[in-house]
Each structure stands twice: as structure tokens, then as C-alpha cells.
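Asker: okay, predicted coordinates and the sequence, questions at the end:
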Amino acid sequence: MFFYTVYGVTVASDLLFPQLVVSEEKSRYDVVIEKTELSEEILKVLSEKKYEFGKEYSWLSNSTCQIQVHDGKRITYALTGNGHPEWLQTYILGYGMSMLALQRDMLPIHCSVVADEKGAVLIAGESGSGKSTATTAFLKEGYTLMADDMAWVDGENVYPAFPYQKLCRDVVEREGYDPEELIYIDEQKDKFLARYRGEFLTEARPMKGFILLHMTPEKKVTVRELTGLDRLHVYVGNLFLRKLMTREQKYAPYIGALGLKMASKVPLLCIGRPMEGNTAEEVVRVAFDWVNRL
């Protein structure tokens, strides 16, 4: 077995994850990841649905793998068809760990996280909104990386992922990475998984602020600070599983309670980036100015 530390838990796995932080603790663990056989029960219902989420049991099946998550303590997997092992790792660390988080009363947020001595800043946004640009800018200003694609939060604190970043091909080439040495993870968006070259923070940090980047039809950068329930809707709307979950699932009591706790404590700034023109520098400046006032 291999032992890792990720999202504040110790994981024992029969599958190698080269991107995870190795744990020195081998006598006890919180979660186990292990291979199993394809579930006949799941195969029977694939014509009707491809996934199901629950507090005690969740599963997902696609052309690469079948993943089952049990009681917040166990993830089982099986390759389907001609599924590639490296893609299997990506699905377990994404969908598998996000389902696990919900079962462990944590919110899996789709975001990047950077931190300084005062706390962590979560940066969320759909593809093209400038999330990677903003994250890189914070890192160049001395912030430390905690997560690049997903973080676990308990309403007050954020728990780090692993020291790797998802990079588009143009960034890989610009930063001097060798694509042959990276993990290719996304054919549609042409992305790679690359080890972060700077310092990586492995301990939880209190959340200092949340920045949501989005595209806007306006001609200028728009800035709006949200309060109250508006924050809740943004936090729930940026769950890692947001595109697969129904509204009822996203606002289930155990998720809503954590979302409300987060909404009452964590400031949130929405920055709209015009669809036309290059406003990256202005977006970054607005983000820095706001964070520095927290």
C-alpha cells in the first residue's frame, strides 16, 4: 500500500498517485482506496443514470472507470473498457475525492487556493475567466499554493490538495516544461498536470476571502462584493460536482449548513472580466486591493 496526505486526511491506497504528498504515518489512516470488480448493480442502471450521490454511498461510471465511495472512509475503483490508468487517477482525485468530502461533512470547492500568514484566498471561475492568471499573480507576490483545482473547506478552514497545477499547453511551453514529462489530463482543453515549482503549504488555513471571476458583456471590469445568502449561492454553485448535482442535492441540509457557515464568515468579491479586450492586469489589481483590505 501507498500512504498519502491530502485534504487533511491520511490515505492508504493500492494505486500509485505520484502527484500526492507522501505520508510518514503508516500505522493508521482515515481513508482507503482499493481496486474492486465492476459492480453488476451499477452496470444494470447505466442506461438510466451515470452517477448517484448520497451521504453514505455514492458512485460514478464513465468510459474510463467505475468509482464507488462508501461512508466517507473508502473509495473503490475498477477500470472500464480501455480506460487509461492515468485518467483513472484524475477521476479518483476529482470526482472520487469530492464525493468523499461530502460524506465527511466537507465542501469540495472547485477553485485555486493561495495563502499568506493571515489566511487563505480561494479563487474560483469557469474556464476563460482568468483564474489561472490571478492565481499565478498571487504566487508571484509571495503567496503559497494550497490547491489548483479543488479544495476541501469546513465552513471556516481550507484544507490543501497536492503540489501540482493544471496547465494549458501554451503555459507549459511558455514556462519551459517538457510535455513528455507531464501527465496529460484533458484532451478537450489540452491540459497537463505539472508539479508546482514553488513552496506548497500542507497545513489547513483559515479562509480569508473568496474571489469569483466571471465573464461579463460589460465593456469595463465590474466589481461587486456579496453578502448574506448571495454568498451561499456562490459557494454552493462552485461545488466541484456542481454540474452533476441537482438543485435539491446541492442544497441538501448537510451541504446547506456548511454553506451558511461559510457565507457568514468568508467575504466574497465578484469580479467581471469583459469578453473583449485585455483586462487581466486590472482584474489582478482589483483582486489584490480587495484582499489587502481584509
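Answerer: Received it, and whenever you're ready, just let me know what you need. Numbering: from 1, shown residues only.

Asker: can you pull out the strands in the stretch 1-150 of the chain?
Answerer: 2-6, 9-13, 21-22, 31-35, 51-52, 57-61, 65-70, 74-79, 107-110, 112-116, 119-125, 144-147, 150-153 (DSSP state E, counting those that start in this stretch).

Asker: next, format these as CSV and append mean pLDDT, distance to residue 282 and mean neighbour count.
Answerer: Where you see a C-beta, it was placed from the backbone N, CA and C, and this is true even at glycine. Output for the strands of the stretch 1-150 of the chain, formatted as CSV (pLDDT from 0 to 100; distance: least, Cβ to Cβ, whole Å; neighbours: other Cβ atoms under 10 Å):
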stretch, mean pLDDT, distance to residue 282, mean neighbour count
strand 2-6, 96, 35, 19
strand 9-13, 97, 39, 20
strand 21-22, 94, 36, 12
strand 31-35, 97, 42, 17
strand 51-52, 96, 39, 16
strand 57-61, 96, 39, 21
strand 65-70, 97, 41, 23
strand 74-79, 97, 42, 19
strand 107-110, 96, 24, 24
strand 112-116, 95, 19, 25
strand 119-125, 95, 15, 25
strand 144-147, 95, 24, 25
strand 150-153, 96, 26, 25
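
Asker: ok, residue 149 - contacts?
Answerer: Taking Cβ atoms under 8 Å, 6 or more residues apart in numbering, we find residue 149 in contact with 94, 110, 111, 112, 161, 166.

Asker: so the first one sits against residue 150, correct?
Answerer: Yes - under the criterion of Cβ atoms under 8 Å, residue 94 makes contact with residue 150 at 6.8 Å.

Asker: which one of the strands of the stretch 1-150 of the chain lies nearest to residue 243?
Answerer: Distance to residue 243, taken as Cβ to Cβ, is lowest for strand 107-110 among those, at 9.4 Å.

Asker: send me stretch 84-100 as PDB with only the CA atoms.
Answerer: The C-alpha trace of stretch 84-100 is given here as PDB (Å, rounded to 0.1, in the frame of the first residue of the first chain):
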ATOM      1  CA  HIS A  84      -6.200   4.600 -19.100                       C
ATOM      2  CA  PRO A  85      -4.700   4.300 -15.600                       C
ATOM      3  CA  GLU A  86      -3.600   8.000 -15.600                       C
ATOM      4  CA  TRP A  87      -7.100   9.100 -16.400                       C
ATOM      5  CA  LEU A  88      -8.300   6.800 -13.500                       C
ATOM      6  CA  GLN A  89      -6.000   8.800 -11.100                       C
ATOM      7  CA  THR A  90      -7.600  12.000 -12.300                       C
ATOM      8  CA  TYR A  91     -11.100  10.800 -11.800                       C
ATOM      9  CA  ILE A  92     -10.400   9.500  -8.300                       C
ATOM     10  CA  LEU A  93      -8.700  12.700  -7.200                       C
ATOM     11  CA  GLY A  94     -11.500  14.700  -8.800                       C
ATOM     12  CA  TYR A  95     -14.900  13.100  -8.600                       C
ATOM     13  CA  GLY A  96     -13.900  10.400  -6.100                       C
ATOM     14  CA  MET A  97     -12.400  12.800  -3.500                       C
ATOM     15  CA  SER A  98     -15.300  15.300  -4.000                       C
ATOM     16  CA  MET A  99     -17.900  12.600  -3.200                       C
ATOM     17  CA  LEU A 100     -15.700  11.600  -0.200                       C
END
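
Asker: before I go, just wanted to say thanks for your time.
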